[in-house]
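Participant: Please find the sequence and the predicted model below.
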Amino acid sequence: MKALVLGIGLQGRAVVHDLDRCGFEVIAADVDAGAVSKSLEQLGCSKARAVSLDVARGEQLHAFVRDTAPSVVVCMVPPAFQEQVAQAALDAGAHFVSSSYTGPVASLDAQARARGLVMLPEIGLDPGIDLVMAHSVLSEFDEVVGLHMYGGGIPEAGADDNPLRYKVTWTFEGVLGAYKRPAKLLREGVEVSIDGERIFRPENTSTIDVPGLGPLEAYPNGDAVHYASLFGLGPSLRDLGRFALRWPGHCAFWSTVAALGFLRDEPIAVDGVQVPPRKFVARLLEPQLRFADQERDLAILRVRAWGTRRGKPHEVTLDLIDRRDLSTGLYAMNRTVGYSASIGAQMILRGEITAPGVLNPARDIPIEPFFKELRARGMELVRR
């Protein structure tokens with residue numbers, strides 16, 4: 001069976017690497033086929049073939065997917081292109097997998113059902129693995145009172161050697177975009193909305209302790225409230241939050257930066273040139289936040305739920321930690337995002353996920369088979 005992977009950046013490389021070593025025929029498509037070939041050679045991919053394709057050119061994209069005739073399309077290009085890639089996959093009779101949020105492809109559910117095709121977005125790290133972890137944990141409860149989900153990518157201790165204690169494993173401009181995203185959560189039964197410039201304020205942050213790592217800061221990460229309906233949580237729910245993790249000190253720094261306007265997108269005039277502050281910050285800092293060849297990053301997930309089981313108080317914490325693989329150079333962030341998308345594609349191709357339409361890892365991925373695949377790739381889950 002043939003897989004077409006679109007977008008061979010940091011995470012896309014991991015998708016191709018995993019599919020290739022699992023024996024699938026893989027076509028790896030990006031604008032610069034030469035750069036893709038070099039990356040695949042460095043990873044030791046023997047079955048993957050690099051081709052040049054610009055997904056922004058809609059007619060070319062549709063013709064290419066149709067002529068390639070893949071069984072599954074794995075989309076690792078920016079979210080702005082998700083819908084047109086998904087439509088191209090549907091028109092070509094191929095399943096669709098993506099690590100991006102469902103939003104852009106939700107409207108294609110009826111088409112996918114009519115054509116008997118699986119569309120699986122949100123299958124990466126966060127969202128992705130965290131949703132399957134939450135599904136697993138929540139299945140233990142009769143009533144859920146609280147659910148907190150945490151996710152983060154940080155440098156390993158010793159590699160956190162700059163004032164931010166942070167290094168880049170995906171586009172820093174994207175990171176800064178997330179640093180100004182509004183958040184929504186549930187606190188003691190009350191829905192709370194937090195403006196993007198306030199997510200790092202002390203009243204909105206907390207600290208958790210991760211065994212083997214120590215204390216990490218947590219700040220609100222997007223809209224957590226919609227997960228109540230996604231997980232089918234009932235009226236007993238009082239607390240619901242989704243948080244990103246960083247080393248201590250990160251939140252205080254970025255709270256000040258946000259308050260001073262450095263994350264705004266509205267351009268300001270600098271010597272007659274219009275400069276968006278966030279773009280300036282990204283260009284200035286990203287070159288200073290790169291990993292050395294032998295430095296490792298960490299990808300961390302935690303799902304914590306509490307409530308009742310069989311009439312008694314019950315609480316469960318499930319952790320996952322992954323580290324950069326120095327033999328391939330793939331960061332933990334690449335592995336957890338890219339390998340998860342690859343696993344999702346393989347489960348579809350093996351017939352382990354068959355329901356047509358737009359699916360979600362929170363309810364539609366077989367939990368234990370998925371966890372088994374993670375463990376086979378060196379990612380261990382610890383339940384307490």
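Facilitator: Received the coordinates, thanks.
Participant: now stretch 312-320: how far from the chain's centre is it?
Facilitator: Its chain's C-alpha centre and that of stretch 312-320 lie 23 Å apart, by C-alpha atoms, centre = their mean, to the nearest Å.
Participant: do the same with stretch 123-133
Facilitator: With C-alpha atoms, centre = their mean, you get 7 Å for stretch 123-133.
Participant: For it, list the C-alpha coordinates in CSV.
Facilitator: Taking Å, rounded to 0.1, in the frame of the first residue of the first chain, the C-alpha atoms of stretch 123-133 are listed here in CSV:
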residue,chain,number,x,y,z
ILE,A,123,-3.3,12.8,15.5
GLY,A,124,0.0,14.2,16.7
LEU,A,125,1.4,14.9,20.1
ASP,A,126,-0.9,17.6,21.4
PRO,A,127,-3.6,17.2,20.1
GLY,A,128,-3.2,13.5,19.4
ILE,A,129,-1.5,11.2,21.9
ASP,A,130,-3.0,13.3,24.8
LEU,A,131,-6.5,12.7,23.5
VAL,A,132,-6.0,8.9,23.5
MET,A,133,-4.4,9.1,26.9
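Participant: Can you list the buried residues in stretch 108-119?
Facilitator: Judged by neighbour count using 16 or more other C-beta atoms under 10 Å, the buried positions of stretch 108-119 are 108, 111, 112, 117, 118, 119. Where you see a C-beta, it was placed from the backbone N, CA and C, and this is true even at glycine.
Participant: tell me which strands and helices the helix or strand containing the last one is in contact with?
Facilitator: Read it as residue 119. Residue 119 is located in strand 118-120, with elements delineated by DSSP states H and E. If contacts are counted by 3 or more C-beta pairs under 8 Å, 6 or more residues apart in numbering; DSSP states H and E, strand 118-120 sits against helix 82-91, strand 95-98, helix 109-115, helix 340-349, strand 357-358.
Participant: Recalculate using a threshold of 6 Å.
Facilitator: Applying 3 or more C-beta pairs under 6 Å, 6 or more residues apart in numbering; DSSP states H and E, one finds that strand 118-120 contacts strand 95-98.
Participant: For residue 77, which non-adjacent residue is closest in space?
Facilitator: residue 7 (3.8 Å; C-beta to C-beta, 6 or more residues apart in numbering).
Participant: can you give me the strands in the stretch 1-150 of the chain?
Facilitator: Ranges of strands within the stretch 1-150 of the chain are 2-6, 25-30, 48-52, 72-75, 95-98, 118-120, 143-155, based on DSSP state E, counting those that start in this stretch.
Participant: and these as a markdown table, adding mean pLDDT?
Facilitator: Below are the strands of the stretch 1-150 of the chain laid out as a markdown table (pLDDT from 0 to 100):
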| stretch | mean pLDDT |
| --- | --- |
| strand 2-6 | 97 |
| strand 25-30 | 96 |
| strand 48-52 | 94 |
| strand 72-75 | 98 |
| strand 95-98 | 98 |
| strand 118-120 | 98 |
| strand 143-155 | 97 |
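Participant: residues near residue 40, how many?
Facilitator: 22 (other C-beta atoms under 10 Å).
Participant: ok, now residue 298?
Facilitator: Neighbour tally, residue 298, other C-beta under 10 Å: 26.
Participant: now it: how far from residue 123?
Facilitator: Using C-beta to C-beta, to the nearest Å, we find residue 298 at a distance of 21 Å from residue 123.
Participant: Residue 359 too?
Facilitator: Counting by C-beta to C-beta, the gap from residue 359 to residue 123 is 9 Å.
Participant: Equivalent analysis for residue 99, please.
Facilitator: In terms of C-beta to C-beta, residue 99 sits 6 Å off from residue 123.
Participant: what is in contact with those two at once?
Facilitator: Here residue 99 and residue 123 have residue 341 as joint contacts, going by C-beta atoms under 6 Å, 6 or more residues apart in numbering.
Participant: quick one on the thing from earlier: more neighbours: which of residue 359 and residue 123?
Facilitator: For residue 359 and residue 123, the more surrounded residue by other C-beta under 10 Å is residue 123, and the numbers stand at 29 against 23.
Participant: Pretty sure that one sits against residue 341.
Facilitator: Yes: contact between residue 123 and residue 341 holds when scored by C-beta atoms under 6 Å: they sit 5.4 Å apart.
Participant: Okay, angle between the one helix or strand residue 253 maps to and strand 143-155 too, please.
Facilitator: Element membership for residue 253, per DSSP H and E: helix 250-259. If you take axes from the mean of the first three to the mean of the last three C-alpha atoms, to 10 degrees, helix 250-259 sits at 80 degrees to strand 143-155.
Participant: List the buried residues of helix 250-259.
Facilitator: Within helix 250-259, the residues that count as buried by 16+ other C-beta under 10 Å are 250, 251, 254, 255, 257, 258.
Participant: so who does residue 165 touch?
Facilitator: The contact partners of residue 165, by C-beta under 6 Å, 6+ apart, come to residue 247.
Participant: Give me the three-state assignment for it.
Facilitator: What DSSP: H, G, I helix; E, B strand; the rest coil gives for residue 165 is coil.
Participant: quick one, phi psi at it?
Facilitator: Phi and psi for residue 165, reported as degrees, to the nearest 10, are phi 50, psi 40.
Participant: Tell me the spacing between it and residue 259.
Facilitator: 20 Å.
Participant: what residues are up against residue 372?
Facilitator: Residues near residue 372 by C-beta under 6 Å, 6+ apart: none.
Participant: which SSE is it in?
Facilitator: Assigning secondary structure by DSSP H and E places residue 372 in helix 367-376.
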